[in-house]
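Trainee: build me a structure from this.
(chains A and B)
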Amino acid sequence: MATASEADDLDNFLASVQHRAFAMARAATRHDEDAMDIVQDAMLQLVRRYSNRTPDEWRMLFFRILQNRINDNFRRQKVRNKVIGWLPGSHGTDSKENDFGEEDKFEQVPTPATDEPDRHLERQQNIEKLHIAVGLLSRRQREAFMLRCWEGLSTTETAATMQCSEGSVKTHYSRAMAALRSWLEENE
Amino acid sequence: MQNEFEKQLRANLIIGERAIDPAITRQLNAVRQQAIEGYRKPRFWQLRGGLWPATGMVTAALLVFMVVLSPLSPLPSHNTAAVNEQGIESMEMLEDLDFYYWLAENEAELRG
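Mentor: Numbers count the residues shown, from 1 in each chain, chains lettered A, B, ... in the order given. Okay, the predicted model is just below:
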């Protein structure tokens, strides 16, 4: 049976990552309910399947599960959009798709209004812009950015979490940073 | 090693995390508690070493009870009584065997 101490360790770990996990899922999906479902699934999966692992392993495992759940959400969203596209009255899109079958969204999303004088609001808008830009990255670029820059994993840890080579991580990450820089500068 | 642009992005992302709505935090806490409850109350197949011997003992005791003491299985004593009665009759017949031979030989005469 799980001891109180083991359960407390797991609880403390999940408490330490829950806000970041939600923020990542929300930035990717742009939807609070979807983000909450993703975080819930990731927590349940970690507890059910990996609670017997050491606390040191939980971080990478949790963020791998989280990224997988985000990708599952994108796949479901894509199928849903295709079905809706077939319905009468809907408008098809001719936009270019990236390597994950996502539309090239960098050209489509309007930026938040920037006429707020207040400094706090300006900061909030910057964060909002950044979340929008992260949500527009391709799947692999988004994963690399979230794990390397946001969560602060090393290149080796990111490669293990993304299940690819370190060279691929570097490529995806540098392209992600270039795309973010370009979009944020254009939308200042 | 992060450059200034990366540091700025990360700082903004962390500020964004801290600004998450309290209602969302409450939901996250509830979701976390739900996940942890599943860990605190393991299912029977997740029982760890300490409970398996006790479970085995209880199962063995139940099996013994079912096989030996079950009222559904007939007790051997019911049949042995019948066999014993039959055996006693057979023994008496063997002891009087000469009488039965004599009876068979003289049956016609006795009937007249």
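
Trainee: so which bits of stretch A:28-40 are buried?
Mentor: Going by neighbour count (16 or more other C-beta atoms under 10 Å in any protein chain shown), the buried part of stretch A:28-40 is A:Ala28, A:Thr29, A:Asp34, A:Ala35, A:Met36, A:Asp37, A:Ile38, A:Val39, A:Gln40. To be clear about C-beta, it is placed using only N, CA and C from the backbone, and glycine gets the same treatment.

Trainee: filter those residues down to the ones close to chain B.
Mentor: When the buried residues of stretch A:28-40 are filtered against chain B using C-beta under 8 Å from any C-beta of the partner chain, the residues retained are A:Met36, A:Val39, A:Gln40.

Trainee: now flag whichever of these is closest to chain B.
Mentor: A:Gln40 (4.5 Å; C-beta to the nearest C-beta).

Trainee: what's the nearest residue to that closest one if we skip its chain neighbours?
Mentor: Nearest residue to A:Gln40 in three dimensions, chain neighbours excluded: B:Val31, at 4.5 Å (C-beta to C-beta, 6 or more residues apart in numbering or on different chains).

Trainee: please list all residues in contact with the one you found.
Mentor: With contact set as C-beta atoms under 8 Å, 6 or more residues apart in numbering or on different chains, B:Val31 has these partners: A:Gln18, A:Met36, A:Val39, A:Gln40, A:Met43.

Trainee: now render those residues as CSV, adding distance to A:Cys149.
Mentor: Listed next are the contacts of B:Val31 as CSV, based on distance: C-beta to C-beta, whole Å:
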residue, distance to A:Cys149
A:Gln18, 19
A:Met36, 23
A:Val39, 20
A:Gln40, 25
A:Met43, 23
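
Trainee: show me where chain B has its helices.
Mentor: Applying DSSP state H to chain B gives helices spanning B:4-18, B:22-40, B:52-68, B:76-95, B:97-105, B:107-111.

Trainee: would TSV of these with mean pLDDT be doable?
Mentor: Output for those, formatted as TSV (pLDDT from 0 to 100):
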stretch	mean pLDDT
helix B:4-18	90
helix B:22-40	92
helix B:52-68	81
helix B:76-95	67
helix B:97-105	83
helix B:107-111	77
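
Trainee: I'd like those laid out as JSON lines, including distance to A:Phe74.
Mentor: Converted to JSON lines, these look like this (distance: least, C-beta to C-beta, whole Å):
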{"stretch": "helix B:4-18", "distance to A:Phe74": "20"}
{"stretch": "helix B:22-40", "distance to A:Phe74": "21"}
{"stretch": "helix B:52-68", "distance to A:Phe74": "44"}
{"stretch": "helix B:76-95", "distance to A:Phe74": "72"}
{"stretch": "helix B:97-105", "distance to A:Phe74": "100"}
{"stretch": "helix B:107-111", "distance to A:Phe74": "107"}
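
Trainee: brilliant, that's me finished.
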